[in-house]
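>>> Turn this into a structure:
(chains A, B and C)
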Amino acid sequence: MQSNCLPRAERIRSLKAIRRLFAEGRGGFVYPIRYMALCSKVSEQEPNVQSKCRGVEVLFSVPKKFHKRANKRNLLKRRMREAYRLSRKGVVEKLCAASQELDLALIYSTKELHDYKTIENAIRKILEQVSAQL
RNA sequence: CGGCAAGUGCGCUCUAUCGCUGGUCGCCUUCGGGUGGCAAGAGGAAAGUCCGAGCAACAUAGAGCACCGUACGAGUUAACGGCUCGAUGUCCGUGAGGGUAUAGUAGCGUAACAGAGAAUAACCGCCUUGGCGGGGUAGGGGCGAGGAGCAGUUCUCACUCGUACCUUUCUAACGCCACGGUAAGGGUGAAAAGGUGGGGUAAGAGCCCACCGCGAAGGCAGCAAUGUCUUUCGGCAGUACGCCUUACGGGUUGCAAGACCAUGUAUACCGACAAUUAAGGGUUGCUCGUCCAAUGUCGGGGGGUAGGUUGCUGGAGGCUGCGGGUGACCGCAGUCGUAGAUAAAUGAUAGGGGCUUCGCUUUGGCGGAGUACAGAACUCGGCUUAUAGCACUUGCAGAGUA
RNA sequence: UGGGCUAUGGUGUAAUGGUAACACUACAGAUUCUGGUCCUGUCAUUCCAAGUUCGAAUCUUGGUAGCCCAA
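Numbering: from 1, shown residues only, chains lettered A, B, ... in the order given. Next up is the predicted model:
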């Protein structure tokens, strides 16, 4: 598996999982991004999912309240996704070693449009904090 | 040359690295998928959801009323409230041009404040007639003064003057009242019932006449809206908005429509039979019409939750050429294959190149800043709104040079 | 994504097309030894821009912002 890929399968798509994440996860804030994280053990009871560990599932969001226009929301989501894609490698390896899985929500919560570098720094810091909490 | 007006077109690009989505061709597979190659992947507005259609469902969508929309003429179209060409009024602009309005008027309603009056008007004014006052003329008797008869008093008087009263007659001027006639004038207002001049009249008035304006008929031009006239006739029309009337159109809901599969189990719903009731419920707001029918038994069926497939992109399609039409648009021939996501792909980073603009500079060149509006969600035809900048065509007024 | 609704002082509401009204709050003044009560006054581009009209909060059109519905 290529280290930089981020296919659709690594996104959180189930409503139930999102509800559980926001109900039970721990939050934090690194300007300009708010995050929620929830880690759990991989359940070893189910024999057919004996695969490689599921690793991280992630969700990006930009509220409509802060950015009215759809193209700006899209731009920010793409920048966050790109930054996450390029800097997630260490966390995934650590999780695989500990055989844990992690749900992560990244919410861009400011009215300014920031460029790629600030977003990348923020996401690096968030990933460090999350992996330190494991 | 810079500035305008109308119309049309375009709306950044290249390379490298790392990615995303669905398609197709191989290989692997535990049949869930994985992996490699190939070609593809946002717009002129994708937006607003303001109109019009397609498509789908709803067990009838039928009739009448109500309600809503449209409303100068002709055309265009699948359809439209759009578009094209044209007509008239009005406003803006020196101009090229642009904005806006325009179905009908028999009836009804409203028009604040101001003003006589906001629509069968009549307050002031003007005028006829009548009455009263006032004024004038004439007469009568009374009173006073003068004069005369007789110098004075008293008395008398065909005399003169003044004064108030009564009677008669007149009313040119003035005041008041009444029955009428008028609509010229009354500085108000957004708006006051054709305008100017003359005649006419008791006073006035299209009451009459001339010119201008308006309406109708006729001729001519035009498919028509309408325009026009050495024509004829009519004295001549009530402004705005709403109700109303007429013609045409509208069944409702919208791809989260709907169809299928899997999961799954509240007694919602459906069918058959039996009995009972005729109240009730549904269908569009109402009426008619029409459909259903409380309950029991049997059979089917499946609430909530959370998924997948389909609907889904080949269509009133685009482009080129020829022909028709002033034009919107239409016809024929050739050619092209052009997004299909679903917590929602179409990107990020780095480096160049265009373009615009600013500063420095002797042209060259160097440096800085900017590169818009905005992201498909069933699909089309329009409209509206947002947009850095660039290009082209035609036209307008102006300045300069020859 | 598709439907629907609303916008009036700081707040909550009124207003036939004809002077934007009421209550509370805030501020200023007056009263009081001081504060409160009471009294007087002030605070509006009727969300924005065009149009219709003699005249728009109201009618029409376009925009902006906010809210609601559908699973």
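>>> Let me know the helix or strand that residue A:68 is in.
Take DSSP states H and E as the rule and residue A:68 turns out to sit in neither a helix nor a strand.
>>> Give the burial count for it, as a bare number.
8 (other Cβ atoms under 10 Å). Every residue, glycine included, has its C-beta placed from N, CA and C.
>>> Now do the same contact list for it.
With contact set as Cβ atoms under 8 Å, 6 or more residues apart in numbering, residue A:68 has no partners.
>>> got the phi/psi numbers for it?
Taking degrees, to the nearest 10, you get phi -70, psi -40 for the backbone angles of residue A:68.
>>> Then residue A:27?
The phi/psi pair for residue A:27 (degrees, to the nearest 10) is phi -110, psi 170.
>>> Quick check: beta-bridge partners of it?
residue A:36 (DSSP bridges).
>>> Does it touch residue A:38 like I think?
No: applying Cβ atoms under 8 Å, one finds residue A:27 not in contact with residue A:38, separated by 10.1 Å.
>>> Show me which of those two is the more surrounded one.
residue A:38 (18 against 11).
>>> Now the more buried one: which helix or strand?
If you go by DSSP H and E, residue A:38 is part of strand A:33-41.
>>> how about low-confidence regions in chain A?
Applying pLDDT under 70 to chain A flags residues A:1-5, A:9, A:11-16, A:19, A:23, A:40-55, A:98-99, A:134.
>>> now the helices for chain A?
When secondary structure is read from DSSP state H, chain A shows helices at A:15-24, A:70-87, A:89-98, A:116-132.
>>> Residue A:61 is nearest to which of those helices?
Nearest to residue A:61, of all these, is helix A:70-87, at 7.7 Å by Cβ to Cβ.
>>> how about that closest one, does it get close to RNA strand B?
Yes: for helix A:70-87 and RNA strand B, the contact criterion (Cβ under 7 Å from any atom of the strand) is met by A:70, A:71, A:72, A:74, A:75, A:77, A:78, A:79, A:82, A:85, A:86.
>>> Output the residues you listed as JSON lines; include the columns neighbour count and distance to residue A:119.
As requested, the residues of helix A:70-87 next to RNA strand B are exported to JSON lines (neighbours: other Cβ atoms under 10 Å; distance: Cβ to Cβ, whole Å):
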{"residue": "A:70", "neighbour count": "10", "distance to residue A:119": "19"}
{"residue": "A:71", "neighbour count": "8", "distance to residue A:119": "17"}
{"residue": "A:72", "neighbour count": "13", "distance to residue A:119": "14"}
{"residue": "A:74", "neighbour count": "12", "distance to residue A:119": "14"}
{"residue": "A:75", "neighbour count": "14", "distance to residue A:119": "11"}
{"residue": "A:77", "neighbour count": "15", "distance to residue A:119": "11"}
{"residue": "A:78", "neighbour count": "12", "distance to residue A:119": "10"}
{"residue": "A:79", "neighbour count": "21", "distance to residue A:119": "5"}
{"residue": "A:82", "neighbour count": "15", "distance to residue A:119": "9"}
{"residue": "A:85", "neighbour count": "16", "distance to residue A:119": "12"}
{"residue": "A:86", "neighbour count": "14", "distance to residue A:119": "11"}
